[in-house]
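J.: Quick one, what's the 3D model for this:
(one chain, ligands or ions: 1)
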Amino acid sequence: MSQSLPFLALFLALSVSTPTPPHETPSPAAPDSTRVVPNDNRVPAGTLRNGVLTLRLVARPALWRPEGPNGPELPIYAFAEEGKVPRIPGPLIRVPVGTELDISIRNSLPHALRVYGLQDRPAARVDSLELSPGQSQVLRIRAGAAGTYLYSARTSRDTFPFGHFADGQLSGAIVVDTIGAPRPANDRVFVLGLWRGRETPFGTPVEQREEVLVFNGLAWPHTERLSHTVGDTVHWRFINTTRRGHPLHLHGFYYRVDSRGNAVRDTIYAPASRRTVVTELVTRGTTMAMTWSPHTAGNWLFHCHLVEHISGKARPSALFASGNGNGSHGHGIHDMTGLVLGIHVKPRPGDPPVALEPSRKTLRLFVNEHPRKYNDQSAYSFVLQEGMREPSADSMRVPGSTISLVRGEPVAISVINRAREPVSVHWHGIELESYFDGVGEWSGIGKRLAPTIAPGDSFVARMTPPRSGTFIYHTHAHETAQMGGGLYGALLVLEPGQQRDTTLDRVFLLSTGGPFAQSLPNVNGDTIPEPIELRARTTYRFRFIAIAPHDTKAIRLLADTVLASWRAVAKDGAELPAHQATMKPARLLMGTGESADVEVTTTEPGELTLEILTAGRAGLTPIRMRIPVRIRE
Ligand SMILES: [Cu+2]
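T.: Residues are numbered from 1 along each chain as shown. Purely as a prediction, here's the structure:
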């Protein structure tokens, strides 16, 4: 939910499919000295003297290794400071408010270059300038407002400021710091990048693009490892210079969204307006600053929740090495690539080791597989044992069984893998010990790492959920196949003693029926959902869960054709503070990995419609779920 940005603008931006420009041939003529050095955005570029930053930029051909020194080398265009190595992302511009920027920019590429965002801030629109090959220009601009921004450049003629072919990495961060206030502790800047190579005919439809997604010029597992200690305060800035939105998910902890912006404008929220999330959708061309504090030691992840941005096959090395997209996938963490950051959290010196409470309840959760359900691909399903008998091996539930836990009650969930490949289960949004977080061969601490769950094997996950709310559980292994195949479900945590009345308390789990990009969206497993009947003058809780592997959802509740209102209640399982739990127009934009709870109070009999639109799928009719409201009996 990006509540602060104009909803309609975001909605339109996401609804329009990105035009694919004709393929360009990257310049192969880059000499060895033009190897890209990944830019971790710790050191500002240029020379700052007497309130003036002097910076000499050049755009030039280069060679880039997004998968580290032993990975494939991609011919690319990159920014450099004059006389220095090219950088991806481009040199960091970081200055205090009010600084004058004396910038020269030279085009050393064989194509005309259009440069965006080298301008005064704040601004209502992004300015651009064009440089023909060999041309330079000098700019004098002013850093007028604190915030997180970006600049970019294109050689292609389409009007979008970000590319993804040879010119896809011509972008960099601009950070303007307030004067007088100390810099936030652990303040880091991460630029998201997307490179797309030639289309390949290999692999399944969702895996066939030759793509690499990077944080600061590197793809997992070559992204930077962040190290913190329990109790640290961590401030991160994200800058999305890709043509896609990314739902950015933190494992194990909530984070606070401090600001949202774009290339030329940043909205720094007043403390009362900051939201607490585990996933925030960072739409294309936008920026986010966030703060979090690790309270539990161990290994954690921060990653995009779209499976094609973290899946093992969306990596150039797999394609370059094997010549096709069907290279073998690893297990757990070794299957991931792209937009993933690894975080090691050390215990605070002197803190006692964590003692797990004995569980008061044991659940048995089966992973079932139905081979060749989607062409040659399997369907997968989580099925919870109810009663004494194990569910049969061929029982399939789409989505998986809803799991209900109780706040403060220690529980052991035994996951039994009946599938033919390893699985791993992540309890998305639950604050728990790292070992049980569900990323095989990563979750844990020191040498004690959780395994992936081999076929025929089982794993006991222990947790004591500290808050009630709406969460998700899902596979964290071989995501393209297993998430697409159906390995997810709703995870609800109730208050002690609370009985959930399923007529008043409803889950709407929004996903996709199958592993392919063109698989149809569904609600609770139904492509065409049955109407649900509500009573007039009654308050209902709607729990929305977005977990479609490839999509963002735009949700509206309409009374006839007019947008209804509802009361916002919770986001990602965290209850909203009273001043945010207010009546709002009944619409949400949800990236995958987000949950949102709202209260709907019906008035007179009539008809409501719940409309669910899948962003970026222009040809698709939205799901319209009829909700007749009847007189109360
Ligand atoms: Cu992504």
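J.: ok, now how distant is the closest residue to Arg125 other than its chain neighbours from Leu131?
T.: Among residues not flanking Arg125 along the chain, Val264 sits closest, at 7.1 Å (Cβ to Cβ, 6 or more residues apart in numbering). For every residue, glycine as well, the C-beta is placed using N, CA and C. Val264 is 20 Å from Leu131, where distance means Cβ to Cβ, to the nearest Å.
J.: Which part of the stretch 501-633 of the chain gets nearest to the ion, residue-wise?
T.: Closest to the ion within the stretch 501-633 of the chain is Gly591: 8.7 Å, counting by Cβ to the ion.
J.: Tell me who's in contact with the closest residue in space to that residue that isn't next to it in sequence.
T.: Excluding its sequence neighbours, the residue lying closest to Gly591 (Cβ to Cβ, 6+ apart) is Pro247, at 2.9 Å. Listed by Cβ atoms under 8 Å, 6 or more residues apart in numbering, the contact set of Pro247 reads 279-282, 304-306, 552, 591-594.
J.: same thing but at 7 Å, please
T.: Residues near Pro247 by Cβ atoms under 7 Å, 6 or more residues apart in numbering: 279, 281, 304-306, 591-594.
J.: So what sits opposite Ala554 in the bridge?
T.: Leu589, Leu613 (DSSP bridges).
J.: in stretch 533-543, what's buried?
T.: Neighbour-count burial for stretch 533-543, counted by 16 or more other Cβ atoms under 10 Å, picks out 534, 540-543.
J.: now, which of those residues sits nearest Ser33?
T.: Nearest to Ser33 out of these is Arg543 (Cβ to Cβ; 56.4 Å).
J.: I'd guessed the closest one sits against Leu504; true?
T.: No: at 11.4 Å, Arg543 does not count as touching Leu504 under the criterion of Cβ atoms under 7 Å.
J.: can you list the residues of the stretch 151-300 of the chain near the ion?
T.: By Cβ under 5 Å from the ion, the residues of the stretch 151-300 of the chain that approach the ion are His246.
J.: In contact with the closest residue to Ala419 other than its chain neighbours, which residues are there?
T.: Distance criterion Cβ to Cβ, 6+ apart; nearest residue to Ala419, sequence neighbours excluded, is Glu369 at 3.9 Å. Contact partners of Glu369, counting by Cβ under 7 Å, 6+ apart, are 378, 380, 418-420.
J.: Each with direction, which strands does the helix or strand hosting Glu369 pair with?
T.: Assigned by DSSP states H and E, Glu369 falls within strand 361-374. Paired neighbours of strand 361-374 in the sheet (DSSP bridges): strand 377-384 (antiparallel), strand 411-417 (parallel).
J.: Would you mind telling me which of those is nearest the ion?
T.: If you check each of those against the ion by Cβ to the ion, strand 377-384 wins as the nearest, at 21.7 Å.
J.: Can I get the closest one as CSV, trimmed to CA atoms?
T.: As requested, the backbone C-alpha atoms of strand 377-384 are provided in CSV (Å, rounded to 0.1, in the frame of the first residue of the first chain):
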residue,chain,number,x,y,z
GLN,A,377,4.6,-28.6,-14.0
SER,A,378,3.3,-29.7,-10.6
ALA,A,379,0.6,-28.2,-8.4
TYR,A,380,1.6,-28.1,-4.7
SER,A,381,-0.5,-27.7,-1.7
PHE,A,382,-0.2,-27.2,2.1
VAL,A,383,-2.8,-29.4,3.9
LEU,A,384,-3.2,-29.2,7.6
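J.: what's the following helix or strand after it?
T.: According to DSSP H and E, the helix or strand after strand 377-384 is strand 403-406.
J.: Provide the strand pairings for that next one, with the direction of each partner.
T.: Using DSSP bridges, strand 403-406 pairs in its sheet with strand 488-494 (parallel).
J.: State the mean pLDDT of the helix or strand following the strand it pairs with.
T.: Note on strand 488-494: by DSSP H and E, the next helix or strand toward the C-terminus is strand 505-512. For strand 505-512, mean pLDDT rounds to 97.
J.: Who are the packing partners of strand 505-512?
T.: Where contact means 3 or more Cβ pairs under 7 Å, 6 or more residues apart in numbering; DSSP states H and E, strand 505-512 is packed against strand 488-494, strand 521-523, strand 539-546.
J.: I'd like the ones you listed as JSON lines, with mean pLDDT and distance to the ion appended.
T.: Formatted as JSON lines, these follow (pLDDT from 0 to 100; distance: least, Cβ to the ion, whole Å):
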{"stretch": "strand 488-494", "mean pLDDT": "98", "distance to the ion": "17"}
{"stretch": "strand 521-523", "mean pLDDT": "96", "distance to the ion": "18"}
{"stretch": "strand 539-546", "mean pLDDT": "98", "distance to the ion": "14"}
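J.: Can you list the low-confidence ranges for the protein?
T.: Along the chain, the parts satisfying pLDDT under 70 run over 1-32, 198-209, 312-332, 632-633.
J.: related to what we said a few turns ago, mind listing the residues bridging to the residue nearest to Gly591?
T.: Leu281.
J.: I'd like to know how far Gly197 sits from the ion.
T.: Applying Cβ to the ion, to the nearest Å, the value for Gly197 to the ion is 17 Å.
J.: Only C-alpha atoms, please: export the helix or strand encompassing that residue in CSV.
T.: Per DSSP H and E: Gly197 is located in strand 187-199. This file holds the C-alpha atoms of strand 187-199, laid out as CSV (Å, rounded to 0.1, in the frame of the first residue of the first chain):
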residue,chain,number,x,y,z
ASP,A,187,22.4,5.0,6.9
ARG,A,188,22.8,3.1,3.6
VAL,A,189,21.7,3.7,0.0
PHE,A,190,20.6,0.8,-2.3
VAL,A,191,19.8,1.3,-6.0
LEU,A,192,17.7,-1.3,-7.6
GLY,A,193,18.7,-2.2,-11.2
LEU,A,194,17.3,-4.4,-13.9
TRP,A,195,19.2,-5.7,-16.9
ARG,A,196,17.5,-7.7,-19.6
GLY,A,197,19.4,-9.5,-22.4
ARG,A,198,18.2,-11.1,-25.5
GLU,A,199,14.9,-13.0,-25.2
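J.: Spatially nearest residue to Pro44 (excluding sequence neighbours)?
T.: Arg94 (3.9 Å).
J.: Can you report how many residues neighbour the one you found?
T.: 21 (other Cβ atoms under 10 Å).
J.: What residues does it make contact with?
T.: Contacts of Arg94 by Cβ under 7 Å, 6+ apart are 44, 175, 177.
J.: what would those look like in TSV with distance to Ser443?
T.: Below are the contacts of Arg94 laid out as TSV (distance: Cβ to Cβ, whole Å):
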residue	distance to Ser443
Pro44	36
Val175	32
Asp177	36
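J.: could you flag which of the residues you listed are buried?
T.: Buried among these (16+ other Cβ under 10 Å): 44, 175, 177.
J.: Just name the closest of those to Ile310, please.
T.: Here the nearest of the buried ones among the contacts of Arg94 to Ile310, counting by Cβ to Cβ, is Val175; it sits at 26.2 Å.
J.: who does that closest one bridge with?
T.: With DSSP bridges as the criterion, Val175 is bridged to Arg94, Thr148.
J.: Count the neighbours of the closest residue to the ion within the stretch 151-300 of the chain for me.
T.: As assessed by Cβ to the ion, the ion sits closest to His246 within the stretch 151-300 of the chain, at 3.4 Å. If you count neighbours by other Cβ under 10 Å, His246 ends up with 29.
J.: Can you name the residues that contact it?
T.: Contacts for His246 were tallied using Cβ under 7 Å, 6+ apart; they are 192, 240, 282, 304, 306, 309, 339.
J.: shouldn't the last one be in contact with Cys304?
T.: Looking back up the chat, that one is Leu339. Yes: counting by Cβ under 7 Å, Cys304 is a contact partner of Leu339 at 3.8 Å.
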